[in-house]
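A.B. asks: Need a 3D model of the sequence below.
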Amino acid sequence: MTTPADVRPTRPCPNCGRMSLAANYPFCSKRCADVDLNRWLNGSYAIPVVELDDGDDFDPEIR
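C.D. replies: Down below sits the predicted model:
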């Protein structure tokens, strides 16, 4: 019986560019997976947002 991990195509590791392995997908190794996790935990990856000032045109009463 095949699992989804068995049929995934290999692709380049997002950190180093070597081909990914099924055990660490989408990374090539445990080390590259840990490097990526460390970047998330340190805040290196962030989603940019635009914060609204208190005076912006936002009125929660208007629907």
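
A.B. asks: can you pull the contacts of P14?
C.D. replies: Contact analysis of P14 by Cβ atoms under 8 Å, 6 or more residues apart in numbering lists 26-27, 32, 36. Where you see a C-beta, it was placed from the backbone N, CA and C, and this is true even at glycine.

A.B. asks: between these, which is nearest V49?
C.D. replies: D36 (22.0 Å; Cβ to Cβ).

A.B. asks: which one of the contacts of P14 is nearest S20?
C.D. replies: Out of these, the member with the shortest distance to S20 (by Cβ to Cβ) is P26, at 5.0 Å.

A.B. asks: Count the residues that sit near that closest one.
C.D. replies: 16 (other Cβ atoms under 10 Å).

A.B. asks: which residues touch it?
C.D. replies: P26 neighbours (Cβ under 8 Å, 6+ apart): 11, 13-14, 20.

A.B. asks: Compare these and tell me which is most surrounded.
C.D. replies: C13 (21 neighbours).

A.B. asks: Where does the residue lying closest to that residue once chain neighbours are set aside sit, in terms of helix or strand?
C.D. replies: Spatially, and ignoring its direct neighbours in sequence, C13 is nearest to C28 (4.0 Å; Cβ to Cβ, 6 or more residues apart in numbering). Here C28 sits in a region with no helix or strand, counting by DSSP states H and E.
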